[in-house]
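A.B. asks: Okay, sequence plus prediction incoming.
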Amino acid sequence: MSLPRNIKEQFPLLSQVVNNHQIVYLDSAASSQKPAAVIEAMNDYYRTINANVHRGAYEIAAQATEAMESARSRIAKFIGASSANEVVFTKNATESFNLVARSWGGQHLSQGDAVLITDMEHHANIVPWQILSAERGFEIRWIPLTVDGHLDLTELDQLLDGVKMVSLTAMSNVLGTLNPVRKIADKAHEMGALVTVDASQYVPHLPTDVQDLGADLMCFTGHKMCGPTGIGVLWGREEILDSMPPFLGGGEMILDVRKDGFTANELPHKFEAGTPPIAEIIGLGAAVNFLESLGMAEIRQHEIRLTEYAMNSLADRYGEDLRIHGPKNPSERGGVLSIEYRDVHPHDLSQVLDQRGICIRAGHHCAKPLMKELGVGATARASLYVYNDESDIDALIDALEPAGEMFAL
Amino acid sequence: MSLPRNIKEQFPLLSQVVNNHQIVYLDSAASSQKPAAVIEAMNDYYRTINANVHRGAYEIAAQATEAMESARSRIAKFIGASSANEVVFTKNATESFNLVARSWGGQHLSQGDAVLITDMEHHANIVPWQILSAERGFEIRWIPLTVDGHLDLTELDQLLDGVKMVSLTAMSNVLGTLNPVRKIADKAHEMGALVTVDASQYVPHLPTDVQDLGADLMCFTGHKMCGPTGIGVLWGREEILDSMPPFLGGGEMILDVRKDGFTANELPHKFEAGTPPIAEIIGLGAAVNFLESLGMAEIRQHEIRLTEYAMNSLADRYGEDLRIHGPKNPSERGGVLSIEYRDVHPHDLSQVLDQRGICIRAGHHCAKPLMKELGVGATARASLYVYNDESDIDALIDALEPAGEMFAL
Amino acid sequence: MSGLDDLYKEIILDHYRNPRNRGELDSPPAHRTEGFNPLCGDEVTITFELSNDSVSELRIAGQGCSISQASASMMSAAVKGKSLEEVRELTRQFKSMMSIHGEEIGSEASDLTPKAVFELGDLEALRGVVKFPVRIKCATLSWNTLLTGLGELEE
Amino acid sequence: MSGLDDLYKEIILDHYRNPRNRGELDSPPAHRTEGFNPLCGDEVTITFELSNDSVSELRIAGQGCSISQASASMMSAAVKGKSLEEVRELTRQFKSMMSIHGEEIGSEASDLTPKAVFELGDLEALRGVVKFPVRIKCATLSWNTLLTGLGELEE
Ligand SMILES: Cc1ncc(COP(=O)(O)O)c(C=O)c1O
Ligand SMILES: Cc1ncc(COP(=O)(O)O)c(C=O)c1O
């Protein structure tokens, strides 16, 4: 089974014309396009049952609550959570990480402790720990990389010494590398550490089961998985979330408020202060339905095939003039291709491709420590998703050559 | 000038039929309905320019950034901010308060200091201070109420002694009371304190000018002002926001990240970690356009008139059987009517009204300390907005009597 | 959604108007436990005495809507004199009657076979609440509060 | 949006391929200032020497796209030998050319009348950048960095 041939038609934006070319969207690692079904699910909410949730006794408020909570259940199932209570909604993966760092870290980390991250983390999994570390004086350690863009685990045992939390990405948003999360998690657990997984680039692209990953906590974000902006997820094992103090305070997250203090609500509401992103939660539920209707295994197969096609075609056409960062083997990586092409600066490359309606991203991809390791200031990144096909790759390949000529030094 | 007669037609949800009755929506203090223009603005974004902002060199990413930033400018203008940099986007008013408490409060509050709030605050302006106070040991003081639901300012001078921050609501979401923010702010400033205003119920309903209010910081929320869920605002005077440390860490909020630390970005990005709620910001911009097209002064006049009509009609019909909390004079309050009717519990009242398609809210309205002061566990609250008219009030009034009969003790 | 008659059965309104076992026992010696419904502000305070592992005496105080008051009143009548194990079993049965999310992942309710089946009696009248999901928490508030109170004794 | 020719004028590509005043001066004695473009990772390091309140020597290092490199190169040529006041004025003029948001509330640019008007010369070629808003920060990076460096001297 493969993905439907006409899948592009389900994404309204993909019929846009940009600079006289039909758009070629190759920036899904930054944010994915949205299928009509997701947009419509949110419209339906606003047009028929829009009301604040949890506190209304009237019909549409009850329906809004039901729609939101059933989305939670579907999302929980989608990632193999053992209960919908383990799914906490945030505004994006970044908030999820801040919640973990502030709430769990604030309780467990102080001088002498260490948090272990990796050289390929996104700023979302770096800066929250740095903020807390500046206050509490624990150490942040980094798992280094091998030359081919894998994690170098040769010193893992030493690195884990004294570590209370390992927080790592399941898939790099720059190199595409799929990390051996389970193996690292097993080691970490042996040494008494917990494991937080950044699944922002993983959940959208591969079948995900939090139990298989060996995760204790996991963060991901809606807008990269066919869902809307303004919605992220923190999943956590119930007993861990239960043991964590609240993060943001306000309505919804309380059982009681007195002048002298408050009593926190139960999971998941304890971590959901204020009016939730109701339409966005419903939109993410619809996104999960959409992805399941395609089949996550099929999506993964599609992306392996397309990544292989892209890597081979690029190598055939440009040989030594072009380099792709990260693992060589398409089955060890996701469809994220950070390209170095001749001397063209990524920003210029992206600008030139834009003239042909081709959208790729140039920059540090919120991974500046990784850029430093790679010895570059920026990369030009083309990234794939369910709606991409060979024609998109072909357009990219054809557009590189004139760019190279223009900026030849 | 008054509001357009056919304004209900601009709100798709208001044509819904609930329990065989055309819906009568009287719960705008919890969340407002959305005009088609707001829903369409978000659809347009998703269908034509959806892309991650700020970091993309390609056309649609540039357009998305421009759409988001021009919404920021419009919102800034709408509240009289002196620069768009003073407008920080959050996920809701609750996050805005947590930002203020954690970032400003974390820097300025410790044992011996005090924060002054009021007896009519929403949990969003209580719990964040309580969380911080539990960590840092400062005092939280409360401005009491008069019997008619105003702030009792007779002891204000004493209350302000040693206070570094006054944080108060401009309009109560339970009593409707409009507070003398400017007067209190002037006093507070004299005594060297800053002032944070909860404008969640104010910005949607009255012409707002942060300079006139005398505010230093102000929090409000999108979903109560014809905007989408998932978007809130923190406004602050530039030099104050500039002096505050970052709140959430991650992408967008940094200029640089090194292994040994990070450099924070400039305003407003410093406080906007991760992918912003792009569609929601654009939706809120469209909501502001919509409200401006009606005219905030006209909206206020409309609500005064309708509140007066409601208070008079309810008194005429039910006399002693019915009590409305808060100020008696419609020009001293917003269109929020917390009703006590005979012995009917608010939850039961709301349930019975729902049978006729009438949506009101029953509960503590996230103001439990106020409930305690009022000596009730909950109130039944009907609240008005631009789309309400006399027919909605009449429906409410007619439905009370049978409810009273049903639950007579 | 169904009509109000499914929700506000006459017997419910009767318990609401004439609550049984209303008040508070002196505590100590009585055990005391409190619960909140964060949705609507309902509060319940249960005081109870045990003898020989049975609930010998029990009083309910607090405020709330007709459903929460009636359910509390019915509960007080139903559990008085019952052994702790019977109370737990009855609670399980009642909560399972109140459950809409039988299919919820990881729900414990589904794979438990009741050890004993009680006549729910008056409590049957609350079955209609299930059709009004927001009110389920009103109906279960006193039950959950009692469960918590019993749980604390064991710690 | 306009074609690439508006952006990548020949003179820009020339400065990109042959950057003027490339390198770093020893610091101290030279002053040193660094800037980042968080959008795309561009970095610039400017080292400069002053004598008699004029920029007597200046070097640019760092990495970035053609626009940021060309703008830095052009700037280095334009400010060398100029007095600090002239440098500030030139920067103001250049940034005002780079500004799309003249109408932005509270913008200072709008109500300032230039004290002196320079020939922008080569710098004129960067005018086309305004049509590509994302690239404006590339063009202004070196200028803002120099301004910051000068500002630090005054503190
Ligand atoms: C006065 C007041 N403040 C704060 C809030 C919190 O808004 P939100 O839930 O959108 O964060 C509300 C509404 O719930 C409110 O009425
Ligand atoms: C690996 C990774 N982690 C975290 C994030 C942060 O996601 P968000 O910006 O939605 O919070 C991203 C995307 O930006 C990412 O690629």
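C.D. replies: Yep, it's here. Predicted, not measured: the structure shown is a model, and the values here were computed from it. Ligands and ions are numbered 1, 2, ... in the order given.

A.B. asks: any idea how far A:Thr118 is from ligand 2?
C.D. replies: 11 Å (C-beta to the nearest ligand atom, to the nearest Å). No exception for glycine: its C-beta is placed from N, CA and C like everyone else's.

A.B. asks: That residue - nearest residue in space that isn't next to it in sequence?
C.D. replies: A:Ile143 (4.2 Å; C-beta to C-beta, 6 or more residues apart in numbering or on different chains).

A.B. asks: Contact partners for that neighbour?
C.D. replies: A:Leu116, A:Ile117, A:Thr118, A:Asp119, A:Leu151, A:Asp152, A:Leu153, A:Leu156, A:Leu159, A:Leu168 (C-beta atoms under 8 Å, 6 or more residues apart in numbering or on different chains).

A.B. asks: want to throw those into JSON lines with pLDDT?
C.D. replies: Shown next, in JSON lines, are the contacts of A:Ile143 (pLDDT from 0 to 100):
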{"residue": "A:Leu116", "pLDDT": "98"}
{"residue": "A:Ile117", "pLDDT": "98"}
{"residue": "A:Thr118", "pLDDT": "98"}
{"residue": "A:Asp119", "pLDDT": "98"}
{"residue": "A:Leu151", "pLDDT": "98"}
{"residue": "A:Asp152", "pLDDT": "98"}
{"residue": "A:Leu153", "pLDDT": "98"}
{"residue": "A:Leu156", "pLDDT": "98"}
{"residue": "A:Leu159", "pLDDT": "98"}
{"residue": "A:Leu168", "pLDDT": "98"}
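
A.B. asks: doesn't C:Ala125 make contact with C:Asp6?
C.D. replies: No - counting by C-beta atoms under 8 Å, C:Asp6 sits too far from C:Ala125 to count as a contact (10.1 Å).

A.B. asks: Which one's more surrounded, the two?
C.D. replies: C:Ala125 (21 against 14; other C-beta atoms under 10 Å in any protein chain shown).

A.B. asks: So that one sits against C:Tyr8, correct?
C.D. replies: No - C:Ala125 is not in contact with C:Tyr8 according to C-beta under 8 Å; the separation is 9.7 Å.

A.B. asks: Select only the buried ones of the contacts of A:Ile143 in ChimeraX?
C.D. replies: In ChimeraX, this line selects whichever of the contacts of A:Ile143 come out buried by 16 or more other C-beta atoms under 10 Å in any protein chain shown:
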select /A:116,117,118,119,151,153,156,159,168
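
A.B. asks: Of the contacts of A:Ile143, which belong to helices?
C.D. replies: Among those, the residues falling in helices (DSSP state H) are A:Leu156, A:Leu159.

A.B. asks: Now do the buried residues in the longest helix anywhere in chain C.
C.D. replies: Assignment by DSSP H gives helix C:133-154 as the longest helix of chain C. Neighbour counts over helix C:133-154 (16+ other C-beta under 10 Å) mark C:133-147, C:149-150 as buried.

A.B. asks: Spatially, which residue comes closest to A:Leu194, not counting chain neighbours?
C.D. replies: According to C-beta to C-beta, 6+ apart, the nearest residue to A:Leu194 is A:Asp216 (4.4 Å).

A.B. asks: does any bit of stretch A:360-369 sit next to chain D?
C.D. replies: Yes - Stretch A:360-369 reaches chain D (C-beta under 8 Å from any C-beta of the partner chain) through A:Ala362, A:Gly363, A:His364, A:Lys368.

A.B. asks: what's the burial count for the third one?
C.D. replies: In other words, A:His364. 30.

A.B. asks: what helix or strand does the closest residue to it other than its chain neighbours sit in?
C.D. replies: Leaving out its chain neighbours, the residue that sits closest to A:His364 by C-beta to C-beta, 6+ apart is D:Gly41, at 3.9 Å. Using DSSP states H and E, no element contains D:Gly41; it sits outside every helix and strand.

A.B. asks: Report whether the expected contact of D:Gly41 with A:Ala367 is present.
C.D. replies: No - if you go by C-beta under 8 Å, D:Gly41 and A:Ala367 don't touch, sitting 9.8 Å apart.

A.B. asks: overlap in contacts of these two?
C.D. replies: With C-beta under 8 Å, 6+ apart as the test, D:Gly41 and A:Ala367 reach no residue in common.

A.B. asks: who's more crowded, these two?
C.D. replies: Counted by other C-beta under 10 Å, D:Gly41 and A:Ala367 do not tie: A:Ala367 has more neighbours, with 29 against 26.

A.B. asks: Contact partners for that one?
C.D. replies: Neighbouring residues of A:Ala367 by C-beta under 8 Å, 6+ apart: A:Met120, A:Glu121, A:His122, A:His123, A:Ser172, A:Asn173, A:Val174.

A.B. asks: Top of the residues you listed by number of neighbours, please.
C.D. replies: Per-residue neighbour counts (other C-beta under 10 Å) across these peak at A:Ser172, which has 33 neighbours.
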